[in-house]
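Participant: 3D, please:
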Amino acid sequence: MKVKKQMAVLVVLLVFAVSSVFASGAGMQGLLGKALNKAPDVRNLVVSALIDLDLTKAQKEEIRSLVRSTLEANKALVLRAVKARKEVREAIHADSFNEQAVRAAFKKSTVYGEELAVVRAKAVSQIKTCLTEEQKTVLKQLKTDIQGLFNPLDLFNN
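Facilitator: Modelled structure (predicted):
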């Protein structure tokens with residue numbers, strides 16, 4: 001059971017680490033706070049579903065290897081993306097408004113966001129090749145369950 005949880009955590013970390021780099025946009029703290037209130041439910045659901053996948057030892061090793069290599073190969077990209085997002089926040093919160101600076105910083109950050117989306121898609125695709133059809137069905141159900149937990153429009157309702 002411990003190994004299943006470790007594997008689940010590795011997969012969740014890959015997906016969330018790569019995709020969450022751009023999740024904390026400046027000016028969204030109130031909305032982001034509401035979204036994050038749902039995070040424990042989503043994490044518990046994800047970990048539970050991944051444990052339910054009942055991965056074989058070979059699958060665990062293959063996925064672990066994919067996760068490690070993806071994280072290692074993209075470490076520099078993630079660091080550049082984090083730096084770019086910081087530059088966006090700094091431009092937004094500068095002492096004086098400079099539209100050109102904000103736009104330039106944001107455009108730079110979107111390049112990294114695009115690259116990270118491609119990395120995430122490739123990693124997910126590679127991981128899926130390690131799974132049986134039954135395991136893929138469990139993941140599809142997980143996606144449906146997560147989407148049912150949270151409606152982005154709820155952020156605007158008090």
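Participant: Helices of this protein, start to end?
Facilitator: In the chain, the helices defined using DSSP state H lie at 2-19, 29-36, 39-52, 57-73, 75-92, 99-128, 133-149.
Participant: rank these by pLDDT, which is bottom?
Facilitator: Ranked by mean pLDDT, the helices of the chain bottom out at helix 29-36, which scores a mean of 45.
Participant: For residue 111, give me its contacts.
Facilitator: Under the criterion of C-beta atoms under 8 Å, 6 or more residues apart in numbering, the contact list for residue 111 reads residue 84. Where C-beta positions appear, they are placed from N, C-alpha and C, glycine not excepted.
Participant: make it 10 Å
Facilitator: Shown in contact with residue 111 (C-beta atoms under 10 Å, 6 or more residues apart in numbering): 80-81, 84.
Participant: Take the residues you listed and write them to JSON lines, including neighbour count and distance to residue 108.
Facilitator: Below are these laid out as JSON lines (neighbours: other C-beta atoms under 10 Å; distance: C-beta to C-beta, whole Å):
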{"residue": "80", "neighbour count": "18", "distance to residue 108": "9"}
{"residue": "81", "neighbour count": "21", "distance to residue 108": "10"}
{"residue": "84", "neighbour count": "20", "distance to residue 108": "5"}
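Participant: Return the member of the residues you listed nearest to residue 67.
Facilitator: The nearest member of these to residue 67, counting by C-beta to C-beta, is residue 81 at 18.1 Å.
Participant: Leaving out sequence neighbours, find the closest residue to the closest one.
Facilitator: In space, and not counting its chain neighbours, residue 81 is closest to residue 112: 3.6 Å by C-beta to C-beta, 6 or more residues apart in numbering.
Participant: Quickly note the distance from that neighbour to residue 82.
Facilitator: Noted for residue 112: a distance of 9 Å to residue 82, by C-beta to C-beta, to the nearest Å.
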